[in-house]
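**Student:** Provided below for reference: sequence and predicted model.
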Amino acid sequence: MPVVFRKCVPGRRGVTLPACDVSNDPAIPPEYRRGEDAELCELSELDVVRHFTELARRNFGVDSGFYPLGSCTMKYNPKILEEIARMPGFVDLHPFLPQLRYGGMLTQGALQVIYELERLLSEITGMAEFTVHPLAGAHGELTGMMIVAAYHRDRKNRKEDVLIPDEAHGTNPSSATLAGYRTRPVRTNRETGMLDTVELEKMAGPQTAAIMLTNPNTLGIFNSAIEKVVEIAHRHDALVYYDGANLNAVLGKFRPGDAGIDIVHVNLHKTFATPHGGGGPGAGPVGVQKRLAPFLPISRVVKRADNTYMLDYDCPKSIGYISPFYGNFLICLRAYAYILLLGAKGLVEVSENAVLNANFLMHSLKEDYELPYDRTCMHEFVLSAVRQAERGVHAVDIAKALIDEGLHPPTVYFPLIVKEALMIEPTEAESKETLEAFVAAMKRIAAEAGENPESFQDRPRTTPVCRPDETKAARELDVNAPVSRT
Amino acid sequence: MSYISNTAAQREAMLKVCGKDSIEALFEGIPPSLRCGELDLPHARSEMELRGFLRDIAARNYSHLTNFMGGGFYDHFIPAAVDAIASRSEFYTAYTPYQPELSQGTLQAIYEYQTQICRLTDMEVANASLYDGGSALCEACQMALNATGRTRIVMDSGINPVYRTMVYTYTANLSIDFKEVAVVHGQSDRQHIVDELNGETAAVILQNPNFFGVIDDHSDIVSRCHERGILVIQSVYPVAMAVLKTPGEIGVDIVTGEGQSLGIPLAFGGPYLGFMATTRKLVRKMPGRLVGRTVDRNGDEAFVLTLQAREQHIRREKATSNICTNEALCALRAHAYLSLLGKHGLKEVARLCRAKAAYAAERLDAIRGVEVMRSNPTFNEFTVRLPIPAGDLIGILIEQDIAPGLPLGRFYKGMGDYLLVAVTEKRTKYEIGMLAEAVEAVLCR
């Protein structure tokens, strides 16, 4: 379909603004004025709405169908959360209001939401304090690594390294690098699928600033040696960072704080059902143990004795400002509402059903696909298409074939330590019927890979495009529609 | 409230397939010593109860004030169609477009958004979005340091103070030599900036209009920087770009900004939209996702994520940035907003903002004891000197449901009597009159 700029008709307008009610109309001095008008759209409201509706039809969301994208937790987003996030009392609130004298009193509702969400997340994870400021999971990691750096600076420790398992998300090493550390990968034990603590023991030392751990890890396996990891780290005055990307597997079952973890981040758009938005906005609140609380970002919401809330900017040891205000507030609001809807029992049910659904899929598919780690999984598991690949049908081909079955494919080629990886995360809300339909499709595909491997090359056949040429995209970079072409 | 579909009977049947006799058995990988007890959380609520509860909380916020506060975050009109478009679940319940065949909607929308940002700023490439204007500026610093291999950054103090503090936070653990140059009469002190440039300088950071609303032509600074291989980063207000000299026109290397004004509500600070644009020369140093146009195997036009080798999921510790999830839905809103307002509408918004701001300045300047700072032209925001502390005035006007502006003393030393007043197209002549009368009543009683 043509890009929006090609649909323009000179003179057409999509919005009528009120007539100017003042007589002032100061000219901008010529030296400050732009030369030519920006070549923006000339469309009616109907043109614009039709264009975006057509774009929407060429997209697939959780509401469209099963979306088992491993590691991303594409769970159902309750509709009431959207309604709440449109309440004018929240939407129309200027973030600088608390800067006014007694300004905190003008935003008591918003401050209450932040305060209570931080308390709820502390209880759920077993951490002492939380900040909702980080704007995404990776931003939470960066915040966490800055807290690590501030802690060591405060203790006058000289630290250089952050140890990261080789199965970790790519954000872990890049976040640690941005905080000024050198990163070193720690091997995963190929038998257990867990971090190799013998290797970790050898690598950890006085130079170690932190160990980053995702638990359950990206293979969907809970690392039962987590206390040993914490013990090794603390022996060297290193901190343990828990990437909470997979917290949705252990709600009400395990709390990282109880295991002595020092810092965690939580992806609200994963565990707490806020929508993924086509790639954000998310939110990545960070929790810490008591001794690290002074390093949390500015500002902090404090509850006074009279049950009112205030913002505390007096945080001398803080790492500073990680976001302009108080995080992605409307995302935090949705997560707060979600936790209130579910309560303690509902959250446990989330994890129980997520884990059950994943194990059901794993057991139903392990005959047809290689299962590199055959053990009870948590909320997700990783299959390998090595058997199919021998016949020329790779993980990507299986993904494309699934699209023709009306399903979103799993994550492919991640984690990097599994060849031909298919990382599958069904989430809790999906029904047995949906899971069975997925199993049937995967079995059909496995059978076809054996019988007719050539048939995969031109898939998917049911979508507007098929296998875009990524090499051409990178070589002949076209990232901005030229004006002449419109 | 529960969103689980499976019944108890279905769960039983599924457990059997797994060879387990209880749900508990699925969690045996967690050592018993690490199992937690029941969480201490509020009782579950029904949807109906929750709606009422949160309505009451929302009512405790003063969201109804007549707003003259800006400071980089503005109360602009948002057409209803923006919400309608962003509420399509095919957009908002999808994720990063890893499977292009199922994501042509998101991918094409991002490509078009990138184009909108390029056209607005006259730059060659724009990325798919960053978190907000502040983190975008931080990423731009990082980009300039990587591109030049140098370590010094010179920063104009007219840059939003919130962003300046963010830049210091982001770079606290990297060895960077920062130099802040104070504005003079609210404008960039070009001589002082040029004096601070040396062989180690990676970039100069400027803002237009700056935090005081003052507009500027930074082309002289740009040419002085380029003579010495120094990059220029400019943070801009996108609405003003409809009428002001653009970063592209004056040769800026990296443009960043806050896209909140483009159809995104104030929402107590987020989610917002960081935009970034640069030159083709620097594209491989740029952080964040990028969508490119290509063809599919049948030769049909298609859109894909491109130059992914810059990113963390490929390059890990060597990536240009750690960003993964960005602000895609906010970028979609900005794209819808710009499509609706378009070429004429955005200029009209800019004109209305400026006209009404001029009227407000005129009315306030006429009040005895109030002085509008007029040394340089401004866009839709201006500085006012009061005969009393700005906080005192604000305290009284809030009681009349007017937020008259930002107290500059919160951000700059010695400016306790100064107020930063912003006016958008949403403020009426009547409301501006109310502001002026209320200020006059306080000062002249």
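**Tutor:** That came through fine.

**Student:** What residues does B:Gly269 make contact with?
**Tutor:** Going by CB atoms under 8 Å, 6 or more residues apart in numbering or on different chains, B:Gly269 touches A:Pro95, A:Ser323, A:Pro324, A:Phe325, A:Tyr326, A:Gly327, A:Phe329, B:Phe73. C-beta: built from backbone N, CA, C; applies to glycine.

**Student:** and the closest residue in space to the fourth one that isn't next to it in sequence, what are its phi and psi?
**Tutor:** Counting by CB to CB, 6 or more residues apart in numbering or on different chains, A:Phe325 lies nearest to B:Gly269, which is 2.7 Å off, once chain neighbours are set aside. Main-chain torsions, B:Gly269, degrees, to the nearest 10: phi 100, psi 0.

**Student:** what pLDDT does B:Gly269 get?
**Tutor:** We have a pLDDT of 97 for B:Gly269.

**Student:** now swap in B:Arg445 and tell me
**Tutor:** 70.

**Student:** And for it, the neighbour number?
**Tutor:** Around B:Arg445 sit 6 other residues, with neighbours defined as other CB atoms under 10 Å in any protein chain shown.

**Student:** Which helix or strand lies directly C-terminal to the longest helix anywhere in chain A?
**Tutor:** Looking across chain A with DSSP state H, the single longest helix is helix A:329-365. Next helix or strand after helix A:329-365 toward the C-terminus (DSSP states H and E): strand A:381-384.

**Student:** Check the offset of that following strand from the chain's centre.
**Tutor:** 20 Å (CA atoms, centre = their mean, to the nearest Å).

**Student:** hmm, who's touching that strand?
**Tutor:** For strand A:381-384, with CB under 8 Å, 6+ apart as the criterion, the contacting residues are A:70, A:218-220, A:358-359, A:361-362, A:365-366, A:369-373, A:395, A:415, A:418-424.

**Student:** so residue 94, which of the three states?
**Tutor:** With no chain named, the answer covers chain A. coil (DSSP: H, G, I helix; E, B strand; the rest coil).

**Student:** was after chain B, sorry
**Tutor:** Per three-state DSSP, B:Ala94 ends up coil.

**Student:** Drop anything exposed from the contacts of strand A:381-384.
**Tutor:** Using 16 or more other CB atoms under 10 Å in any protein chain shown as the burial test, the contacts of strand A:381-384 include A:70, A:218-220, A:358-359, A:361-362, A:365, A:369-373, A:395, A:415, A:418, A:420-424 as buried.

**Student:** Now narrow these to whatever sits close to chain B.
**Tutor:** Filtering the buried ones among the contacts of strand A:381-384 for neighbours of chain B using CB under 8 Å from any CB of the partner chain leaves A:Asn359, A:Met362.

**Student:** I'd assumed B:Leu130 was in contact with B:Ala328.
**Tutor:** No - between B:Ala328 and B:Leu130 there is no contact under CB atoms under 8 Å: 11.1 Å.

**Student:** Settle this for me: A:Ala85 is touching A:Phe329, isn't it.
**Tutor:** No - using CB under 8 Å, A:Ala85 makes no contact with A:Phe329, being 9.3 Å away.

**Student:** Please identify which of those two sits among more neighbours.
**Tutor:** Set A:Ala85 next to A:Phe329 and count neighbours by other CB under 10 Å: A:Phe329 wins out with 27 against 22.

**Student:** Give me the nearest residue to that one, chain neighbours excluded.
**Tutor:** The shortest distance from A:Phe329 to any non-neighbouring residue, by CB to CB, 6+ apart, is to B:Phe268 (4.3 Å).

**Student:** The one you found: how many residues sit nearby?
**Tutor:** Neighbours around B:Phe268, by other CB under 10 Å: 31.

**Student:** Next: A:Arg475.
**Tutor:** 11.

**Student:** Same check on B:Gly248?
**Tutor:** 20.

**Student:** Residues of the stretch 151-300 of chain A that sit close to chain B?
**Tutor:** A:169-171, A:173-181, A:183, A:221-222, A:224, A:226-227, A:250-255, A:258-259, A:267, A:269, A:273, A:275-282, A:297.

**Student:** still on that earlier bit, ok, the residue nearest to A:Phe325 to A:Glu454 distance?
**Tutor:** 55 Å (CB to CB, to the nearest Å).

**Student:** Out of the contacts of B:Gly269, list just those in helices.
**Tutor:** Using DSSP H, A:Phe329 are the members of those that sit in helices.

**Student:** Which two among the contacts of B:Gly269 are spaced furthest apart?
**Tutor:** A:Gly327 and B:Phe73 (14.7 Å; CB to CB).

**Student:** These two: who's more crowded?
**Tutor:** A:Gly327 (30 against 27).

**Student:** Now for that one: which residues touch it?
**Tutor:** Counting by CB under 8 Å, 6+ apart, A:Gly327 has contacts A:Ile114, A:Thr131, A:Val132, A:His133, A:Pro134, A:Leu135, A:Ala283, A:Pro285, B:Gly269, B:Gly270.

**Student:** Let's see the pLDDT reported for it.
**Tutor:** In this prediction A:Gly327 is given a pLDDT of 97.

**Student:** now swap in A:Gly103 and tell me
**Tutor:** At A:Gly103, pLDDT is 80.

**Student:** just checking, it touches A:Leu97?
**Tutor:** Yes - contact criterion CB under 8 Å: A:Gly103 and A:Leu97 qualify, at 5.0 Å.

**Student:** Okay, domains of chain A per the record?
**Tutor:** A:4-57, A:84-340, A:345-471 (automatic domain parsing).

**Student:** just so I know, which of these lies nearest B:Asp195?
**Tutor:** Comparing those by CB to CB, domain A:4-57 comes nearest, at 23.4 Å.

**Student:** For that closest one, what is the distance to the chain centroid?
**Tutor:** The chain centre lies 34 Å from the centre of domain A:4-57; the measure is CA atoms, centre = their mean.

**Student:** Let me know the average pLDDT across that domain.
**Tutor:** Domain A:4-57 comes out at a mean pLDDT of 96.

**Student:** lowest average confidence, helix or strand, in the chain?
**Tutor:** As the question left the chain open, I've gone with chain A. helix A:171-178 (a mean of 93; mean pLDDT, DSSP states H and E).

**Student:** actually it's chain B I care about, not the one you picked
**Tutor:** That would be, for chain B by mean pLDDT, DSSP H and E, helix B:312-315 at a mean of 82.

**Student:** is that helix anywhere near chain A?
**Tutor:** Yes - contact between helix B:312-315 and chain A, assessed by CB under 8 Å from any CB, occurs at B:Gln312, B:His313, B:Ile314, B:Arg315.
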